[in-house]
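A.B. asks: One predicted model, sequence on top.
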Amino acid sequence: MNLLVQPKLIIHGGAGSSLKDKGGVETVRRSLYQVVEQVYSLLMSGASANEAVVKGCQMLEDNPCFNAGTGSVLQSDGQIRMSAALMDGTAQSFSGVINITRVKNPIDLALSLQDSPDRVLSDYGAAELARELRVPSYNPLTDTRLEEWLQERQDNFKKTMAGVVAQKELVSNNNARRGTIGVVALDSQGNLCAGTSTGGKGFERIGRVSDSAMPAGNYATKYAAVSCTGIGEDIIDECLAPRIVVRVGDGMNLQDAMQRSFIESQENKRDLGAIALDAKGNIAWGKTSQILLAAYHNGENIGDTLEVSQEMQVGKV
C-alpha cells in the first residue's frame, strides 16, 4: 500500500527499579517485542491508530507478566479492580473505565465508549456497560498475584504496592513496582492514539482511582500522544501526559517537551515514566524511575529501553 506517513509505534509494560538478571530482561523483551511485531504489522496493513492501540493493549492485558487484565494485582480487600483509557488524537476524544471487575480486556470497554455521550464510567456504571455489551464474565486472577496478596496480608500490608512484573523470578526486590501497560501509535494517515490500562497499585484503599483512566496519564491530540506509567498520584500531580502534549502543540519539539517535563518531575521527586509520539513520527520516552519497560518500532527496526538503568533520563528514536 502507499503510505502517506510512515507508521510508528511505542509500547510500555510499566516502570520500576530493576529486573533481576539478564534472564528477566530477555523474558520481558520477548513479551514486548511480540506485541510490537504484531501491532506494527497491523499498522503497515492500513489499520488505524485506534485499532492498533486497542490490539496492543489487549495483547498486554492478556499477558500475565504485566499488571493489567490477566495478572492484575489485588486491592486491600482481595478484589481486582482495573482501569483503562483510550484517546483518539484526531477527534481529541477521551474515554475510559474505572475500577471495572471481572472482564478480560478493560480497553475494549474504553473503546466502546468513544462515541458515547458519557465517555468515562466507574465501577457500577462500567459493570452495567459490560452487561449491556454482553461481555463474558472473566476472572483475571493468577496464582502468583494471589500468593503475593496472601503474603502481604500475613505481613499486615507493609508494602504500599505490588510488583510491576508478575513472575517472581523477574523481580529483584520489593521496589520493583509501578505497573501499567500502554500503547501509542501513529498510523499511515497521520492519526495519533494513546491507550493505557492497569490493575492499580495493589493493596490500595478500596475506591482508589489511578491516573490510567484520566487525561493526566493518557492524552493525545493531533500534535502528540502520551501514555504514562509509575506512581499514579505522582503522574496526576504533574498532570504529565497533557503537560507534554500541550507543549508540543505550542511549538516545542517532542524531545524538548519530554526533557523539560521530566526535569520538573525530577525536581518534584516524582516516580514515573512516559512514552510518546508526535505527528511527525518522532518517538520519545522518559523516566525518573530506574527502568522503563518499553519497546518501539521506528519504521525500520525494533528497539527497547530495558537496559537503560540510569534514573532521570529522556530518550528519542
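C.D. replies: Great, that's in hand.

A.B. asks: any weak-confidence spans in the stretch 1-150 of the chain?
C.D. replies: 1-2, 17-18, 20-23 (pLDDT under 70).

A.B. asks: Pull the distance from whichever strand or helix holds Ser41 to the chain's centre.
C.D. replies: Assigned by DSSP states H and E, Ser41 belongs to helix 22-44. Here helix 22-44 is found 15 Å from its chain centre; the criterion is C-alpha atoms, centre = their mean, to the nearest Å.

A.B. asks: That helix packs against which elements?
C.D. replies: Using 3 or more C-beta pairs under 8 Å, 6 or more residues apart in numbering; DSSP states H and E, the elements in contact with helix 22-44 are strand 8-16, helix 49-62, strand 181-186, strand 291-297, strand 302-304. Quick note: C-beta positions are derived from backbone N, CA and C, even for glycine.

A.B. asks: For Ala276, which of those is the nearest?
C.D. replies: strand 181-186 (6.4 Å; C-beta to C-beta).

A.B. asks: helix or strand right after the closest one?
C.D. replies: Next along from strand 181-186, by DSSP H and E: strand 192-198.

A.B. asks: With only the CA atoms kept, save stretch 209-216 in PDB.
C.D. replies: Taking C-alpha atoms only, stretch 209-216 is exported to PDB below (Å, rounded to 0.1, in the frame of the first residue of the first chain):
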ATOM      1  CA  VAL A 209      -8.500   5.800  41.300                       C
ATOM      2  CA  SER A 210      -5.300   5.600  39.200                       C
ATOM      3  CA  ASP A 211      -4.100   8.000  36.600                       C
ATOM      4  CA  SER A 212      -4.600   5.500  33.800                       C
ATOM      5  CA  ALA A 213      -8.200   6.400  33.300                       C
ATOM      6  CA  MET A 214      -7.500  10.100  33.500                       C
ATOM      7  CA  PRO A 215      -6.100  12.500  30.900                       C
ATOM      8  CA  ALA A 216      -3.200  13.000  33.400                       C
END
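
A.B. asks: partner residues bridging His83?
C.D. replies: If you look again at residue 83, you'll see it is Ser, not His. Taking DSSP bridges as the rule, Ser83 bridges to Thr198.

A.B. asks: Quick check, it in contact with Thr101.
C.D. replies: No - applying C-beta atoms under 8 Å as the test, Ser83 and Thr101 come out as separate, 10.9 Å apart.

A.B. asks: higher neighbour count, these two?
C.D. replies: Ser83 (31 against 18; other C-beta atoms under 10 Å).

A.B. asks: now the helices for this structure?
C.D. replies: Applying DSSP state H to the chain gives helices spanning 22-44, 49-62, 106-112, 123-132, 143-154, 232-238, 240-249, 254-267.

A.B. asks: so which of these gets nearest Leu74?
C.D. replies: Of all the helices of the chain, it is helix 143-154 that lies closest to Leu74, at 4.1 Å by C-beta to C-beta.

A.B. asks: Which elements pack onto the closest one?
C.D. replies: If you count contacts as 3+ C-beta pairs under 8 Å, 6+ apart, helix 143-154 packs onto no helix or strand.

A.B. asks: Extract the CA atoms of it and return them as PDB.
C.D. replies: Extracted as PDB, the C-alpha positions of helix 143-154 are listed here (Å, rounded to 0.1, in the frame of the first residue of the first chain):
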ATOM      1  CA  ASP A 143      -1.800 -17.800  41.300                       C
ATOM      2  CA  THR A 144       1.200 -15.500  41.500                       C
ATOM      3  CA  ARG A 145      -0.900 -12.500  42.300                       C
ATOM      4  CA  LEU A 146      -3.000 -14.400  44.900                       C
ATOM      5  CA  GLU A 147       0.200 -15.600  46.600                       C
ATOM      6  CA  GLU A 148       1.600 -12.100  46.600                       C
ATOM      7  CA  TRP A 149      -1.600 -10.700  48.200                       C
ATOM      8  CA  LEU A 150      -1.700 -13.500  50.800                       C
ATOM      9  CA  GLN A 151       1.900 -12.900  51.800                       C
ATOM     10  CA  GLU A 152       1.200  -9.200  52.200                       C
ATOM     11  CA  ARG A 153      -1.900  -9.800  54.300                       C
ATOM     12  CA  GLN A 154       0.300 -12.000  56.500                       C
END
